[in-house]
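Trainee: Predicted model and sequence follow; I will ask about them next.
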Amino acid sequence: MSLDTPDRPSKSGAMTPGSIATELSKMDFPAPSGLKLSIPESKDKDGQSQQPNSSGGATGAGTGGGLLSAISSVFSPVSATGTDDTGDISGPEPEALTAARRKVRSESISEQLSTTLSEMKLPQPERIFGPNEGESNAAKEGNKGVSAEEWDKIKLEDEVPEAVKEPKRMTHSRHTSRADAAVPRIPTIPETAEPSSSSSKTQAVAKEQKVTPFDVEGEVDAEGKDLGIDYDKLTKRFGASLISQTLLDRFERLTGQKPHPLLRRGTFYSHRDFGLILDRYEKGQPFYLYTGRGPSSDSMHMGHLIPFMFTAYLQRVFNVPLVIQVTDDEKYLLERDIKKQAELMKKIKGKKPLDLLRHYKKMGQDNIKDIIACGFIPEKTFIFSDLANVGGAFYENVVLMAKTITQSQSRNVFGFSDSDNIGMFHFAAVQATPAFSNSFPQIFGTRDDIPALIPCAIDQDPYFLLTRDAADRLQYKKPALLHSKFLPALQGAGTKMSASKENTAIFMTDDAKKIAKKIKSHAFSGGGATQEEHKANGGNPDVDIAYQYLSFFEESDEKMDRLAREYRAGTLSTSEMKAACIEKLQEVVAEFQKNRAEVTDDKLAYFQDPSRKIDPRPKPKEASAAASTA
């Protein structure tokens, strides 16, 4: 079978690049004139200089060859005479052409070098065989094994590379994609090879904790042990203050109410300017509460519920207005997992992005019913969806806030990158805006000097660091904050409840039997491995999930102290601790479900009515005057 050559047309009749070049070389083109081109001298085979003739070819050479030489010189990045002058009209060569030429030259040289190396008879690396490997096939081919004494002197930390065991010729292809070359290949030697007696043990890589509004990861030590979240370290990094017993005592003295279990037992553990809010309450000056919810499931779990229960408690104590932002826009913008988004589209039978956006909006409405069931004061509460309500005075503050945040700040605070959509960068301004009182004219009119108190999980604090910084520049009041720890998942303190993982959480739609089953089967225990061991050594209530969940809802400090004391002594078993937890959770969830069933469409619309007037005046407190003189 004959192959096409560069000078011979293919069977289809199409000319090859070589035949085109040959035909062009036979053509007699007129010499260019007036271009001031610098054409280098050429030399004959004897090394004698040849000058170009009037037709553009070199003396003694073919016309076509001289023309091609001239053309090659003209389009060369640097001429032979060391000048970049290519004439009056040509200008410098485009960078793209220069880069393309360099790439072709580099690949051509690499291919030639690869071919040359493959033809060379280079000595192959030898395999060193140990004293017990002399009977192998490779040893029989002529390689000698070393003595046991010499073998002991060799200290190899790794196995012999596969490239040494079976040397192979290197190959190179100019058609290989550079993007493909940049993709890490699977290593020839597994990174997790079994350790030998002569190799050191692989050390686990320690990791610092990571807490952002989008990712929460606990610290991992050098041995790979999960240390959970170090809240003291986190508080110092964010620049917040721990809630002291002195502050709690003042709260109780001013309000006449015992601090909520979540407050006095340290679930809400740090703050920003909470003392200033107590100052305003003591003086009868107005302030309001602000919290929010990003809809991620049709039903909220207990981790979602707790901040709202605590906020409802604060509203009843202070008797102040409350605004609740439902960030249905955020959940659409911040969904980075393309696969997860595609699965959700399939689940809801959506055909275009608008369907997914409306799905989040509907999910938000379902969550608002859950929020209402937590027991807020209807006359003083305004709940709003971003997709339905952002506009007017609210959007004016969004614009003002947006201009105070730079792209660099968003990258540093939230970890955004160039691949993230611009809505993610902008959303910080949307979440900050409810912290400014004039965003709600139906409550505060045009007043912009009324601060907000924001109860939230500590991972949301970066949003409000930016908000507090911008408040000074906008001449608004800075919001105050109360930060909570994360409600752990059933699996333990180093985990977090997830709406997408059924067995990590107690959902507010779970019935009594399911709650009991989840606690018995999945709740991490701080007790002993066996009953005998537990009775002998006792358990640790600080890591026991049943005890932790009880501490969120059980009002009696005496009961919690007794449970902890008996558990440590080993007289209270793990099953008894779980039974106490199940009873309390069933009670809380049953009460919630009863309230949720009473949320009608009319009540849903009432809480979201943006035209409804709300009285912002704080509840009069006679005890405040008495406390201030004490």
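Mentor: Received it, and whenever you're ready, just let me know what you need.
Trainee: shaky segments in the chain?
Mentor: Across the chain, the ranges flagged by pLDDT under 70 are 1-14, 29-101, 103-104, 107, 122-205, 209-228, 336, 493-501, 619-630.
Trainee: Mind jotting down where the helices sit in the stretch 251-400 of the chain?
Mentor: For the stretch 251-400 of the chain, applying DSSP state H, counting those that start in this stretch gives helices covering 261-264, 274-283, 302-318, 328-333, 338-348, 353-372, 386-389, 392-404.
Trainee: The longest one to helix 338-348, inter-axis angle?
Mentor: Interaxial angle of helix 353-372 relative to helix 338-348 (axes from the mean of the first three to the mean of the last three Cα atoms, to 10 degrees): 80 degrees.
Trainee: Tell me what angle helix 353-372 forms with helix 302-318.
Mentor: Angle, helix 353-372 to helix 302-318, by the same axes, to 10 degrees: 50 degrees.
Trainee: circling back to that earlier point, pipe the helices of the stretch 251-400 of the chain into a markdown table and attach distance to residue 511 per row.
Mentor: Using the backbone N, CA and C atoms, a C-beta is placed for each residue, glycine as well. Listed next are those as a markdown table, based on distance: least, Cβ to Cβ, whole Å:
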| stretch | distance to residue 511 |
| --- | --- |
| helix 261-264 | 25 |
| helix 274-283 | 38 |
| helix 302-318 | 14 |
| helix 328-333 | 27 |
| helix 338-348 | 24 |
| helix 353-372 | 16 |
| helix 386-389 | 32 |
| helix 392-404 | 40 |
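Trainee: could you redo those as TSV and give each row mean neighbour count and distance to residue 102?
Mentor: As requested, the helices of the stretch 251-400 of the chain are exported to TSV (neighbours: other Cβ atoms under 10 Å; distance: least, Cβ to Cβ, whole Å):
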stretch	mean neighbour count	distance to residue 102
helix 261-264	20	66
helix 274-283	18	64
helix 302-318	21	58
helix 328-333	21	42
helix 338-348	12	37
helix 353-372	18	43
helix 386-389	18	52
helix 392-404	17	44
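Trainee: wait, which of those helices is closest to residue 229?
Mentor: helix 302-318 (14.1 Å; Cβ to Cβ).
Trainee: picking that back up, for the helices of the stretch 251-400 of the chain, which one sits closest to residue 413?
Mentor: Going by Cβ to Cβ, the one of the helices of the stretch 251-400 of the chain nearest residue 413 is helix 392-404, 12.8 Å.
Trainee: what's the neighbour count on residue 553?
Mentor: Residue 553: 16 surrounding residues under other Cβ atoms under 10 Å.
Trainee: again, but for residue 17
Mentor: Using other Cβ under 10 Å, residue 17 has 8 neighbouring residues.
Trainee: roughly how far apart are it and residue 110?
Mentor: To residue 110, residue 17 is 21 Å away according to Cβ to Cβ, to the nearest Å.
Trainee: Pull the residues that contact the one helix or strand residue 560 maps to.
Mentor: Taking DSSP states H and E as the criterion, residue 560 maps to helix 557-569. Residues outside helix 557-569 that contact it (Cβ atoms under 8 Å, 6 or more residues apart in numbering) are 264-265, 526-527, 538-541, 544, 547, 550-551, 554, 572, 577, 580.
Trainee: Pull out the buried residues from the following helix or strand past that helix.
Mentor: Along the chain past helix 557-569, the next helix or strand (assigned with DSSP H and E) turns out to be helix 574-597. If you call a residue buried by 16 or more other Cβ atoms under 10 Å, then helix 574-597 has these buried ones: 574, 577-578, 580-582, 584-586, 588-589, 592, 596.
Trainee: with the residues you listed in mind, which one is nearest to residue 289?
Mentor: Using Cβ to Cβ, the buried residues of helix 574-597 come closest to residue 289 at residue 592, 20.2 Å.
Trainee: Pick the one among the buried residues of helix 574-597 closest to residue 333.
Mentor: Using Cβ to Cβ, the buried residues of helix 574-597 come closest to residue 333 at residue 596, 28.3 Å.
Trainee: got the contact list for the nearest residue to that closest one once chain neighbours are set aside?
Mentor: In space, and not counting its chain neighbours, residue 596 is closest to residue 373: 4.1 Å by Cβ to Cβ, 6 or more residues apart in numbering. If a contact means Cβ under 8 Å, 6+ apart, then residue 373 has 592, 595-596, 598-599 as its contacts.
Trainee: circling back to that earlier point, buried only: go through the contacts of helix 557-569 for me.
Mentor: Buried members of those, scored by 16+ other Cβ under 10 Å, are 264-265, 526-527, 538-539, 541, 544, 547, 550-551, 554, 572, 577, 580.
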